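S.K.: based on what follows, work out the 3D shape:
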Amino acid sequence: MCCWFFLRRMGPVLLLWLAVCLSGSWAVDKGNFKTCDQSAFCKRQRAMKPGESPYRALLETMELTNTRLTLQLINDNNKVRLLLELYRLQGNITRVKINELKPLKPRYEVPDVLIREPPTEPLSLLSQDENGVVLSLGAESQRVIVSARPFRLDIVEGRDVLMSLNSRGLLSFEHLRMRKDTQADPEAENKEGTDPANPAETVKEEEEKVEDGMWEETFKSHTDSKPSGPSAISLDFSLPGVEHVYGIPEHADTLKLKTTDSGDPYRLYNLDVFQYELYNPMALYGAVPVMLAHNTQRTMGIFWLNAAETWVDISSNTAGKTVFGKMLDYVQGSSETPQTDVRWISESGIIDVFLMLGPTPRDVFSQYASLTGTQAFPPLASLGYHQCRWNYNDQEDVRSVDAGFDEHDIPYDFIWLDIEHTDGKRYFTWDPHKFASPKEMLQGLLDKKRKMVAIVDPHIKVDTNYKIHNEIRSRGFYVKNKDGGDYEGWCWPGNAGYPDFTRPDMRAWWASQFGYDQYEGAMENLYTWNDMNEPSVFNGPEVTMHKDAMHESWEHREVHNLYGLYVHRATAEGLTERSGGVERPFVLTRAFFAGSQRYGAVWTGDNAAEWDHLKISIPMCLSLGLVGISFCGADVGGFFKSPSTELLVRWYQTGAYQPFFRAHAHLDTPRREPWLFGPENTALMREAIRQRYTFLPYWYQLFYLAYHTGEPVMRPLWVEYPQDPATFALDDEYLLGRDLLVHPVTEEGARGVTAYLPGKHEVWFDIHTFQKHNGGQNLYIPVTMSSIPVFQRGGSIIPRKLRVRRSSTCMEHDPYTLYVALDNQRTAEGELYIDDGHTFNYEKKELIHRKFSFANGVLSSVDLEPNAQFTTKSWVERIIILGASKPSMVTLKTADGENQLEFDFDASMSVLTIRKPGMNVGADWTVTLQ
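M.R.: Prediction:
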């Protein structure tokens, strides 16, 4: 949510700032946010050009134990020594850590992101001479080659170099030092670093650097005191044979990352960006420092574990070459292998990087999940439709909107309340006039099996009459400013303090505030939304916290990108604890980091009601899914501005096939509940939402799979078709799991779309018409306003529930229809997962997990979890087989015996419909076509 309304309310106090911030239009004022040139460490590091590295490995310092190799590196320019640690981790991951050997004080190492200390596997020495060492990585002739002069690290497999570190000589490690102009340097004695031939030049260089933002930096009216001086780190990675890299969200950009030679690097620094611009590398609300590299042979990943401000440069030797240019290379026998070079630059901390060596996309997902965990398994209801706006005015408004859904026969599960529901922006409270009896309101929703989300932001109104503020202050839990007082900044309530969520005791206290004995008016159907947790500070530098603010002994600069994750974590833990650990939480966050997937859902922030914003929601969520965060969505209809009716309908149709499905709108926009645009458009939006509800069993099973494996729910086509280059840059269509291909209509006035159907030997069925199409082709699909192009893969079985009711909970015991789409071999398989939908009892095996298979005319259901204990009332009411032949007879065999089933066959479409087979969906059975 943006700062516009706040400023309007705050009056003349901040009018000047308003003029600066908003510059008269609803668009990002880039001047509020730094470019690389305005970020001193980025400018400094980027000024380094590729060349011979000043670092060499001191091989005589090498120590090799069963679990790690350590080796000192020395910078020949300044004689400062670094310590390199190399680990071979389980699951084909190599970890490289570089720190100062003897730092002036400890450098920050990111805690709480890894789910455990990663288990190691033995490293063995293959050979060693004065030029370097070769170590075995175990599997498939993989080796690490450490070259000594200059220092360089290569990972090879057979004759192929998979990845090189410091091959362009851009390793840089600004060592901690005393400030030259204030005190003598205690390190001077042991530094043989000054060049005896030219001492004056060395001093002059130091003096020039001091001016370059090393010890103090000013941006607009804000000064960063930089008490520790320069501490930036940088390392380059070369990826031979790679032209496509992905990930490092959050950016409003294409799925395939672009080269950055001609502009700024991609920036990772969590910021509240007012109406962000599209197709540029500016930082947004979240940061996941994970990049994936893919070609037809292999998928790999780089996880740069650092929470400080980070910039990522990408260059490629094939960038900018036309197809003709590439053909010319081929004809002329040009020997240049495609290569992508990536450079990571962070303001502080240490180098701690995980090289995930695949080789398949699934391997990389599993490798990353082994480090940071998997997507939290959400309550089933949270996969339904969410209705939100800033703001539903009062309890009567909530009741009226809720009734509107029933009146128009539109299902929904959650209604949301934004900041205006509180008593004067004091979180954990209710406005005493507008929301005088919250429990009565929540009970009214509960009676209809519906739920509510209320916002709880992490900035706390400084007000001695506010219990939350008084407790945080008395316990000393606020972030401190550089002078030791409580850090304060402007946000929604006016003057606000910022709790220090990096502290476990603060997080535990925050979690306790969600208890029913603490959060007055809360009930079990009230869930939470954390906004503004970058953190957003309206009068801070770049609308965020000063970097020299203090989290106990660490500066904010070290932990900035972790802040949102910690808020999200503490909130999710609070929702879990309030039920005694029984109920799954649902928490939406705006800011995030690596590991945020363990705590809930993410959305793409304050988008706008524009066609390009609808389009960009696809690559933005695909990028998040690739780095573990599957529960992603965008504000349906756009947060800012007012969508045309056509855009709103198309957004519902797109959002219905994205993981998190929520409509949201700005306070100053006209109301846009789905029945306000005339009966025809109401029908179109109703149909999109109802389609979502019919597919809930499939969504739920995909999230169960994501929770178990780390595989994304919404995924780019190349994940399933890794050897098909036609899929590598596609980001206007996507897969849900393996079996549904979605190509939303995102162009205004579209008469048709062209979808690429992958898989040369595969077939795809239009889910609406059952029309069969061959894979390996671009298919032109004529569209009308009711069209949502979605295809089911031949070879798959998808369970659906076709009796749509007012909420997902109302559909719990309803019957299933199985959609069996046959491949060219006339086989198919699929799964069904069922549990109670809301508790953690699935961890105790209270679940049903079935596998459906069709082959040789027999459809069978077998138990994937024979030891599990759960029962369901749901039964199979229909089986629809696509690509079928007409049988003479259909029989069902269960534990109770055998009987014949009724069926219809549509010869024109080759569709067989088996009616009312009637068996319990949790039982073993076979259906035979004769």
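S.K.: for residue 383, what are its contacts?
M.R.: Contact analysis of residue 383 by Cβ atoms under 8 Å, 6 or more residues apart in numbering lists 659, 661, 696, 699-700, 703, 808. All C-beta atoms are positioned from the backbone trio N, CA, C, and that covers glycine.
S.K.: what's the spacing between it and residue 708?
M.R.: 16 Å (Cβ to Cβ, to the nearest Å).
S.K.: okay, buried residues for stretch 894-903 please.
M.R.: Judged by neighbour count using 16 or more other Cβ atoms under 10 Å, the buried positions of stretch 894-903 are 894, 901, 903.
S.K.: an error on my part: the question was meant for stretch 859-868.
M.R.: Result for stretch 859-868 [16+ other Cβ under 10 Å]: buried residues 859-861, 868.
S.K.: cool, stretch 708-723 as well?
M.R.: Judged by neighbour count (16+ other Cβ under 10 Å), stretch 708-723 contains these buried residues: 710-722.
S.K.: now, the contacts of residue 383 that are in helices?
M.R.: Counted as lying in helices by DSSP state H, out of those, are 696, 699-700, 703.
S.K.: returning to that earlier point: need the buried residues of stretch 859-868 in JSON lines with distance to residue 133 and pLDDT, can you?
M.R.: Below are those laid out as JSON lines (distance: Cβ to Cβ, whole Å; pLDDT from 0 to 100):
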{"residue": "859", "distance to residue 133": "58", "pLDDT": "98"}
{"residue": "860", "distance to residue 133": "55", "pLDDT": "98"}
{"residue": "861", "distance to residue 133": "55", "pLDDT": "98"}
{"residue": "868", "distance to residue 133": "50", "pLDDT": "97"}
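S.K.: list just the nearest of those to residue 930.
M.R.: Residue 930 has its nearest neighbour among the buried residues of stretch 859-868 in residue 859, at 12.6 Å by Cβ to Cβ.
S.K.: and whichever helix or strand that closest one is part of, how far out from the chain middle?
M.R.: Using DSSP states H and E, residue 859 maps to strand 858-863. Relative to the centre of its chain, strand 858-863 is centred 36 Å away, using Cα atoms, centre = their mean, to the nearest Å.
S.K.: for the closest residue to residue 481 other than its chain neighbours, give me its contacts.
M.R.: In this structure, residue 481 finds its nearest non-sequential neighbour in residue 487, 4.5 Å apart by Cβ to Cβ, 6 or more residues apart in numbering. Taking Cβ under 8 Å, 6+ apart, we find residue 487 in contact with 478-481, 497-498, 545-546, 549-550.
S.K.: against residue 560, how distant is residue 487?
M.R.: Counting by Cβ to Cβ - residue 487 and residue 560 are separated by 13 Å.
S.K.: return every residue with contacts to both of the two.
M.R.: With Cβ under 8 Å, 6+ apart as the test, residue 487 and residue 560 both reach residue 545.
S.K.: and residue 439, what does it touch?
M.R.: 521, 523.
S.K.: that one looks like it's in a strand, true?
M.R.: No. Residue 439 sits outside any strand when classified using DSSP: H, G, I helix; E, B strand; the rest coil, being helix.
S.K.: next, residue 41: phi, psi?
M.R.: Main-chain dihedrals, residue 41, degrees, to the nearest 10: phi -70, psi -40.
S.K.: now residue 849: how far from residue 865?
M.R.: 4 Å.
S.K.: what sits against residue 544?
M.R.: By Cβ under 8 Å, 6+ apart, residue 544 lies in contact with 270-272, 534-537, 560.
S.K.: next, it: phi, psi?
M.R.: phi -140, psi -170.
S.K.: tell me the confidence at it?
M.R.: In this prediction, residue 544 carries a pLDDT score of 98.
S.K.: one step back: taking the buried residues of stretch 708-723 one by one, which sit in helices?
M.R.: Using DSSP H, these in helices are 717-720.
S.K.: what about the helices in the stretch 301-450 of the chain?
M.R.: Under the criterion DSSP state H, counting those that start in this stretch, the stretch 301-450 of the chain carries helices at the ranges 323-331, 361-372, 395-407, 438-447.
S.K.: need the ones in helices among the contacts of residue 383 in TSV with distance to residue 408 and neighbour count, can you?
M.R.: Formatted as TSV, those follow (distance: Cβ to Cβ, whole Å; neighbours: other Cβ atoms under 10 Å):
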residue	distance to residue 408	neighbour count
696	20	22
699	23	23
700	26	22
703	28	22
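S.K.: what helix or strand does residue 264 sit in?
M.R.: Per DSSP H and E, residue 264 falls between elements, in no helix or strand.
S.K.: ok, it to residue 735 distance?
M.R.: Distance of residue 264 to residue 735, computed by Cβ to Cβ: 32 Å.
S.K.: these two - which one has more neighbours?
M.R.: Counted by other Cβ atoms under 10 Å, residue 264 and residue 735 do not tie: residue 735 has more neighbours, with 24 against 19.
S.K.: got the buried residues for stretch 33-47?
M.R.: Across stretch 33-47, burial judged by 16+ other Cβ under 10 Å covers 33-34, 36, 38-46.
S.K.: and which of those residues is nearest residue 885?
M.R.: Of the buried residues of stretch 33-47, the one sitting nearest to residue 885 (Cβ to Cβ) turns out to be residue 33, at 61.8 Å.
S.K.: contact partners for that closest one?
M.R.: The contact partners of residue 33, by Cβ under 8 Å, 6+ apart, come to 271, 273, 282-283, 542.
S.K.: can you map out the strands along the stretch 1-150 of the chain?
M.R.: 55-64, 68-75, 81-89, 93-100, 124-129, 132-136, 142-147 (DSSP state E, counting those that start in this stretch).
S.K.: now these in JSON lines, with mean pLDDT?
M.R.: Shown next, in JSON lines, are the strands of the stretch 1-150 of the chain (pLDDT from 0 to 100):
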{"stretch": "strand 55-64", "mean pLDDT": "98"}
{"stretch": "strand 68-75", "mean pLDDT": "98"}
{"stretch": "strand 81-89", "mean pLDDT": "98"}
{"stretch": "strand 93-100", "mean pLDDT": "98"}
{"stretch": "strand 124-129", "mean pLDDT": "95"}
{"stretch": "strand 132-136", "mean pLDDT": "96"}
{"stretch": "strand 142-147", "mean pLDDT": "97"}
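S.K.: which parts of the stretch 151-300 of the chain are helices?
M.R.: With DSSP H, counting those that start in this stretch as the criterion, the stretch 151-300 of the chain has helices at 199-209.
S.K.: nearest residue to residue 431 in space, please, no chain neighbours.
M.R.: Of all residues not flanking residue 431 in the chain, residue 423 sits nearest, at 5.4 Å (Cβ to Cβ, 6+ apart).
S.K.: ok, the one you found to residue 887 distance?
M.R.: Distance, residue 423 to residue 887, using Cβ to Cβ: 67 Å.
S.K.: what's the closest of the buried residues of stretch 859-868 to residue 178?
M.R.: Nearest to residue 178, judged by Cβ to Cβ, of the buried residues of stretch 859-868 is residue 868 at 62.7 Å.
S.K.: the closest one touches residue 846, doesn't it?
M.R.: Yes. Between residue 868 and residue 846 there is a contact at 7.0 Å, judged by Cβ atoms under 8 Å.
S.K.: and residue 38, what does it touch?
M.R.: By Cβ under 8 Å, 6+ apart, the neighbours of residue 38 are residue 219.
S.K.: let me know the average pLDDT across stretch 271-289.
M.R.: On average, stretch 271-289 scores 96.
S.K.: within its sheet, name the partner strands of the strand holding residue 859 and how each one runs.
M.R.: strand 848-855 (antiparallel), strand 925-929 (antiparallel) (DSSP bridges).
S.K.: nearest to residue 473, out of these?
M.R.: strand 848-855 (49.6 Å).
S.K.: average pLDDT for that closest one?
M.R.: In this model, strand 848-855 carries a mean pLDDT of 98.
S.K.: how about the CA coordinates for that strand, as PDB?
M.R.: Output of strand 848-855 as PDB, limited to C-alpha atoms (Å, rounded to 0.1, in the frame of the first residue of the first chain):
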ATOM      1  CA  ILE A 848      -5.500 -39.900   1.900                       C
ATOM      2  CA  HIS A 849      -3.100 -40.000  -1.000                       C
ATOM      3  CA  ARG A 850      -4.200 -42.000  -4.100                       C
ATOM      4  CA  LYS A 851      -2.600 -42.700  -7.400                       C
ATOM      5  CA  PHE A 852      -4.900 -43.100 -10.400                       C
ATOM      6  CA  SER A 853      -3.600 -45.000 -13.500                       C
ATOM      7  CA  PHE A 854      -5.100 -45.900 -16.800                       C
ATOM      8  CA  ALA A 855      -3.600 -48.500 -19.100                       C
END
